[in-house]
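**Q** next comes the sequence, and after it the predicted model I'd like to discuss.
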Amino acid sequence: MIKSATLYTNNLKALRRFYGNVLELDVMESTVEQFTVRIGESHLTFKQSEQPAFYHFAINIPGNQFSMMKYWMLDRVTLNREEGRDEVYFPSFDADAMYFEDPVGNIVELIGRRKRDLFGDLTKESFLNISEIGITTPHVVEVGDELQDLGIPLRNGTEVEPDELNFLGRGDNYIVLVPPGRRWYFSKKVSEAYPLELTWNEAHIKVDGEGKLSFE
């Protein structure tokens, strides 16, 4: 499970307003250098940097609240479209998804897991946890092998594909490993390598600006 993730941005103020005021998530910590929001069981931190950056990440939401969440989101953001659609169903994950971009261009996916229900009104608790974090690296096979050695399994096989999207994880939580230059689904952006950090269970994983991994 992804317990926390740290991403970088050169526009901290705009992101703090977006995640705190527009998405109405709990801001747990805020300084001039970084802020953290709670996404259900996960924490997402943005740190100030000189370089602009963008990432792809996904958030699990209850499958039975997908339509309510979409209506709520449409009042706040413009949903991205792919071939005229603003949502998609993934049979292999039994989940529906919608996508939008935040003020700095992070591609955010909301995934409605059809086997997870939450009854009652839509609240901030409907954002269940961070579901996916995209890692873009020119060293796809090397990084994929390191993650597998750490105990994070490759979905559907054991050999990482250097030119494809690779899902590592299980259940509703994945690291999406991708080479630079691939267009992100439901976006016009192509993948680029930027530094990030994440905590998977008890393992703290760091990715530098060149896409190399280190562990703590």
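**A** Received, thanks.
**Q** when you work out contacts or count neighbours from here on, use the C-alpha atoms and nothing else.
**A** OK.
**Q** test my guess that Gly181 contacts Glu192.
**A** Yes - here Gly181 lies in contact with Glu192, judged by C-alpha atoms under 8 Å, at a distance of 6.6 Å.
**Q** the more surrounded of these two?
**A** Glu192 (21 against 15; other C-alpha atoms under 10 Å).
**Q** where along the protein do the strands fall?
**A** 2-9, 26-30, 34-39, 42-48, 56-62, 88-90, 95-101, 107-113, 129-136, 166-170, 173-178, 196-200, 203-207, 213-215 (DSSP state E).
**Q** in JSON lines: those, plus mean pLDDT and mean neighbour count.
**A** Converted to JSON lines, the strands of the chain look like this (pLDDT from 0 to 100; neighbours: other C-alpha atoms under 10 Å):
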{"stretch": "strand 2-9", "mean pLDDT": "98", "mean neighbour count": "21"}
{"stretch": "strand 26-30", "mean pLDDT": "94", "mean neighbour count": "14"}
{"stretch": "strand 34-39", "mean pLDDT": "98", "mean neighbour count": "21"}
{"stretch": "strand 42-48", "mean pLDDT": "98", "mean neighbour count": "20"}
{"stretch": "strand 56-62", "mean pLDDT": "98", "mean neighbour count": "23"}
{"stretch": "strand 88-90", "mean pLDDT": "97", "mean neighbour count": "13"}
{"stretch": "strand 95-101", "mean pLDDT": "98", "mean neighbour count": "21"}
{"stretch": "strand 107-113", "mean pLDDT": "98", "mean neighbour count": "24"}
{"stretch": "strand 129-136", "mean pLDDT": "98", "mean neighbour count": "25"}
{"stretch": "strand 166-170", "mean pLDDT": "96", "mean neighbour count": "21"}
{"stretch": "strand 173-178", "mean pLDDT": "97", "mean neighbour count": "24"}
{"stretch": "strand 196-200", "mean pLDDT": "97", "mean neighbour count": "21"}
{"stretch": "strand 203-207", "mean pLDDT": "96", "mean neighbour count": "17"}
{"stretch": "strand 213-215", "mean pLDDT": "93", "mean neighbour count": "16"}
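**Q** and of these, who's closest to Arg81?
**A** When the strands of the chain are compared by C-alpha to C-alpha, strand 95-101 sits nearest Arg81, at 7.8 Å.
**Q** how near is the spatially most central residue of the chain to Leu122?
**A** Geometric centre of the chain, nearest residue: Phe57, 1.3 Å, by C-alpha atoms, centre = their mean. Applying C-alpha to C-alpha, to the nearest Å, the value for Phe57 to Leu122 is 21 Å.
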